[in-house]
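Visitor: Give me a model of this one.
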Amino acid sequence: MSTENNNAEVAATAAVSIKLPDFWKNDPVMWFAQAEAQFALGRVVNDETKYYHIIGKVDQTVICHISDLVVAPPADNKYAAVKERLISRFVLSAETRLERLLGSYELGDLRPTHLLAKMRELAIGLKVDDNLLKMLFIQRLPVNVRPILSCHDGTLDKLAEMADKMVGVTSSLTTAAVDDAAGPSGASGLQEQVDFLTAEVRRLTTSERTRNRSASRGRSSSKSRTGSQKEVCWYHRKYGRDAHQCREPCAFNSKN
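Guide: This next block holds a predicted model:
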């Protein structure tokens, strides 16, 4: 009998320790996936316990969709009934997801890798192959990086990682361009930034190919000098010791 009591106490403690986030109206499927992961970790298997956890995490705008299941819950499978109802009410239809995937989804403030993850989520069940997804993904990127990435023949994940770096470089140089344009040498400063971006893009597009080369072949001394030069950020290349900013990775301090 004491063993049964101990098991009951453990189960009760585990149930209390479950801390679910508030219901995600914009992504009910993933919300229930997270809830069930917590139930598994807490060894919560009782149907009513799971049901009440869910009811406790929906607000007034959501509970009206399951009011009948709250006022008069079914005798069995309460949790399954609530889960099915909430998902059916709030999950995006295939038509809506396809519409967003094809037209209305933008990069905005997202990193390209995050954008790709969201696009893949929209594409679940839509039978969208990687070639189409690649085309749609590139269309959402800044116009100055699209031509380079269109020629990239690596995986979609590698392409997104490269896009992260290229968009980061572009943002950094855009900020520098605003600062330099106010000075008398604004035009030459902008040209230097364009030259640097061109070199950076070339380095990014060849980096994967370079990593695959055999280390035994080595590199020539001239390539070493060139690579060393490219490790210095744009600010230190332009201003040297007078630079007030620095973009990592930068070898200026280690070399001076």
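Visitor: Phe137: how many residues sit nearby?
Guide: 22 (other CB atoms under 10 Å). C-betas here are computed from N, CA, C, even on glycine.
Visitor: Then Glu106?
Guide: There are 11 residues near Glu106, going by other CB under 10 Å.
Visitor: Double-check it against Arg140; I have them as touching.
Guide: Yes - with contact defined as CB atoms under 8 Å, Glu106 counts as touching Arg140 (6.0 Å).
Visitor: what does the helix or strand Val29 falls within contact?
Guide: Using DSSP states H and E, Val29 sits in helix 28-41. Contact partners of helix 28-41, identified using CB atoms under 8 Å, 6 or more residues apart in numbering, comprise 18-21, 23-24, 44-45, 50, 53-54, 83, 86-87, 89-91.
Visitor: So among these, which ones count as buried?
Guide: 18, 23, 44, 50, 53-54, 83, 86, 90 (16 or more other CB atoms under 10 Å).
Visitor: Where strands are concerned, which of those count?
Guide: With strands taken from DSSP state E, there is no overlap with the buried ones among the contacts of helix 28-41.
Visitor: Make CSV out of these and add pLDDT.
Guide: Below are these laid out as CSV (pLDDT from 0 to 100):
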residue, pLDDT
Ile18, 87
Phe23, 96
Val44, 94
Lys50, 96
His53, 96
Ile54, 96
Lys83, 96
Leu86, 96
Phe90, 92
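Visitor: residue contacts, the closest residue to Arg247 other than its chain neighbours?
Guide: Ranked by CB to CB, 6 or more residues apart in numbering and with sequence neighbours excluded, the top spatial neighbour of Arg247 is Cys233, at 4.1 Å. Cys233 makes contact with 246-250, 252 under the criterion CB under 8 Å, 6+ apart.
Visitor: follow-up on the earlier one: export the buried ones among the contacts of helix 28-41 as JSON lines, with columns for distance to Glu121.
Guide: Putting those into JSON lines (distance: CB to CB, whole Å) gives the following:
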{"residue": "Ile18", "distance to Glu121": "25"}
{"residue": "Phe23", "distance to Glu121": "18"}
{"residue": "Val44", "distance to Glu121": "27"}
{"residue": "Lys50", "distance to Glu121": "25"}
{"residue": "His53", "distance to Glu121": "25"}
{"residue": "Ile54", "distance to Glu121": "22"}
{"residue": "Lys83", "distance to Glu121": "19"}
{"residue": "Leu86", "distance to Glu121": "18"}
{"residue": "Phe90", "distance to Glu121": "15"}
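Visitor: got any ranges where this protein has weak pLDDT?
Guide: 1-16, 104, 170-230, 253-256 (pLDDT under 70).
Visitor: 50 instead?
Guide: 1, 5-10, 173-186, 215-216, 219-229 (pLDDT under 50).
Visitor: For the residue lying closest to Ile54 once chain neighbours are set aside, the count of nearby residues, please.
Guide: Nearest residue to Ile54, sequence neighbours excluded (CB to CB, 6+ apart): Val82, at 5.3 Å. When counting by other CB under 10 Å, one arrives at 23 neighbours for Val82.
Visitor: Would you confirm that Val82 contacts His53?
Guide: No - applying CB under 8 Å as the test, Val82 and His53 come out as separate, 10.1 Å apart.
Visitor: Which strand or helix spans Leu149?
Guide: helix 146-150.
Visitor: how about that helix as PDB, C-alpha atoms only?
Guide: C-alpha atoms of helix 146-150 as PDB (Å, rounded to 0.1, in the frame of the first residue of the first chain):
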ATOM      1  CA  ARG A 146      20.100  36.900 -55.200                       C
ATOM      2  CA  PRO A 147      22.300  36.600 -58.300                       C
ATOM      3  CA  ILE A 148      25.200  35.000 -56.300                       C
ATOM      4  CA  LEU A 149      23.000  32.500 -54.400                       C
ATOM      5  CA  SER A 150      21.100  31.600 -57.500                       C
END
